[in-house]
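Trainee: A structural model of the following input is requested.
(one chain, ligands or ions: 3)
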Amino acid sequence: MQILRYETYKQNAVNTEKATQLMQRNLDEQVLEIIRAVQEHGDEAAFAYTKKFDKADLSSLLVSDEEWNIAFDKVKSEQPALFQALTEAAENIRQYQRRTKEEGFQFSPQPGIRLGQKITPLERVGVYVPGGKASYPSTVLMDVIPAVVAGVEQVVITTPPRPDGTIDPVVLTAAKIAGADQVFKIGGAQAVAALAYGTESLPKADKIVGPGNAFVARAKKWVFGDVAIDMIAGPSEICAFADNTVPPSYVAADLLSQAEHAEDAASICVTTDAAYAEKVQKEVERQIPLLERAAIIRESIQTNGKIIICEDEAQAIELINTIAPEHLQLMGNNAEEQVEKIKHAGAIFIGPYSSEPLGDYFAGPNHTLPTNGTARFSSPLGVYDFMKKSSTIHYSKERLLDYADTIITIAEAEGLTGHANAIRIRKENNDASS
Ligand SMILES: NC(=O)c1ccc[n+]([C@@H]2O[C@H](COP(=O)([O-])OP(=O)(O)OC[C@H]3O[C@@H](n4cnc5c(N)ncnc54)[C@H](O)[C@@H]3O)[C@@H](O)[C@H]2O)c1
Ligand SMILES: N[C@H](CO)Cc1c[nH]c[nH+]1
Ligand SMILES: [Zn+2]
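Mentor: Ligands and ions are numbered 1, 2, ... in the order given. Here you go, the predicted model:
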């Protein structure tokens, strides 16, 4: 894992950004081809891409009730500890998400005037659950539960099948615990396209949420506008700010926990102590071979793993805010005070015992978080992503007449005499009758 000084990192970051833009252009060509094919050929293209990318030759994209129930019963009876853990995590997520549910409001600024905001759940939502390099029952809980809490009528999951055409029974079990309505065996850009435009098998969704690899993230970007999306939740990222009060083994283990997601995951440690940086580096090297997914981790750490040495805390905080990481662990002595200074991060883990996987699986806040710097303007997935707002306006006759001339003045200034007329017609009708 590379150790860099702040200035070197900043310079490299500019070059990396240019290289990323180039890579994305190539990716776009592939993703757009997939989207167009699914738009034009529906299920036929969906089956073909599933065979090509996931090696599964399917006769149906939908998981049948029978298949779903068998998977649920099997996990419940054969893996009771796991079933219990998922149920407990689901309850923590539910409790947290209920607190984020906004209610509408009404108020009356004057007698005869009532203004408000009505909040309505979305009708049909597609949840993308990644499934290429790992299986993500936790993502099922994280992304379906807020939709259910919001009151969404139909929650549909898409996830890539295994080569034998099945879906991990634990994913199906989590889908039932969370309250999903249907599960479809399809992943990648083709799943995003199928949810965006509908196919013979898949219903067209109003919104697509959920993380995924670069193909998924890019496809979501391309279908946005035809369908709503939550955010760009791409390859996982972790940034740990630590000092010598934190065992380097904790920092290394947390960094590697995210590196194991995929080769393009990014793990960064920020510190102001050069000697400590070396200790973390050594620990990373020591721990990698001990982990099952060492090959993925090694590539991720070699490509995107960095330990950055800053001059002081202020420079470190400035750097963290520039990176706007998906996960930020404030692990050192000043963690509590540093929280206030953080402007951009998807989730902030405070103190050496708030290890990132706690948030991935159990604590309650969502693990679907903005990545790739988008925490500057995006938030964690929540109930608010599954609800939309309508304004409500009521004026009595008397109040409209009070303000008729004011409204007509603005309408005429815009040259929109039809607007002015809609108000005037009521005023004149009233003048004639009185
Ligand atoms: N941000 C979050 O909240 C969060 C949560 C969980 C996982 N993740 C991230 O999601 C990602 C999951 O990636 P994954 O690959 O394991 O699963 P995935 O389901 O996102 O992607 C698998 C799909 O990618 C498509 N694909 C693979 N190679 C392709 C190619 N050459 N051309 C076109 N399509 C191709 C296939 O259709 C396949 O079904 C990881 O990067 C992980 O870090 C993020
Ligand atoms: N760390 C991932 C989000 O970046 C979420 C996850 C799911 N399972 C394990 N981790
Ligand atoms: Zn994770």
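
Trainee: Ligand 1 contacts on the stretch 1-150 of the chain?
Mentor: By Cβ under 6 Å from any ligand atom, the residues of the stretch 1-150 of the chain that approach ligand 1 are Q30, F53, D54, P130, G131, G132, K133, A134, Y136, T139. Yep, even glycine has a C-beta here, placed from its N, CA and C like the rest.

Trainee: Identify the spatial nearest neighbour of the second one, chain neighbours not counted.
Mentor: Computed as Cβ to Cβ, 6 or more residues apart in numbering, the closest residue to F53 that is not its neighbour in sequence is G188, at 5.7 Å.

Trainee: which ones are touching that neighbour?
Mentor: Applying Cβ atoms under 8 Å, 6 or more residues apart in numbering to G188 gives the contacts I34, Y49, F53, D54, G132, P160, G212, N213, F215, V216, A219.

Trainee: Lowest-confidence member of the residues you listed, which is it?
Mentor: The member of the contacts of G188 with the lowest pLDDT is G132, at 74.

Trainee: Could the C-alpha coordinates of stretch 176-189 be exported in CSV?
Mentor: What follows is stretch 176-189 as a C-alpha-only set of coordinates in CSV (Å, rounded to 0.1, in the frame of the first residue of the first chain):
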residue,chain,number,x,y,z
LYS,A,176,-38.9,-11.9,2.5
ILE,A,177,-37.8,-10.5,5.9
ALA,A,178,-37.6,-7.0,4.4
GLY,A,179,-41.0,-7.3,2.7
ALA,A,180,-40.1,-7.2,-1.1
ASP,A,181,-42.8,-8.2,-3.5
GLN,A,182,-40.9,-9.8,-6.4
VAL,A,183,-37.3,-10.9,-7.2
PHE,A,184,-35.9,-11.0,-10.7
LYS,A,185,-32.8,-12.9,-11.8
ILE,A,186,-31.0,-10.2,-13.7
GLY,A,187,-28.0,-8.0,-13.0
GLY,A,188,-25.7,-5.4,-14.5
ALA,A,189,-26.7,-2.7,-17.0
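
Trainee: how far does it sit from the chain's center?
Mentor: Distance of stretch 176-189 from its chain centroid, counting by Cα atoms, centre = their mean, to the nearest Å, is 16 Å.

Trainee: Could you number the chain from 25 rather than 1 from now on?
Mentor: With 25 as the first residue, the last one maps to stretch 200-213.

Trainee: A helix includes V180, no?
Mentor: No - looking at V180 with DSSP: H, G, I helix; E, B strand; the rest coil, it is strand, so not inside a helix.

Trainee: Report the buried members of the residues of the stretch 25-174 of the chain next to ligand 1.
Mentor: F77, D78, P154, G155, G156, Y160, T163 (16 or more other Cβ atoms under 10 Å).

Trainee: how close does L219 sit to ligand 2?
Mentor: The gap separating L219 from ligand 2 is 20 Å, by Cβ to the nearest ligand atom, to the nearest Å.

Trainee: Around ligand 2, pick out the residues from the stretch 275-424 of the chain.
Mentor: Within the stretch 275-424 of the chain, the positions adjacent to ligand 2 are Q282, E350, D384, H391 by Cβ under 6 Å from any ligand atom.
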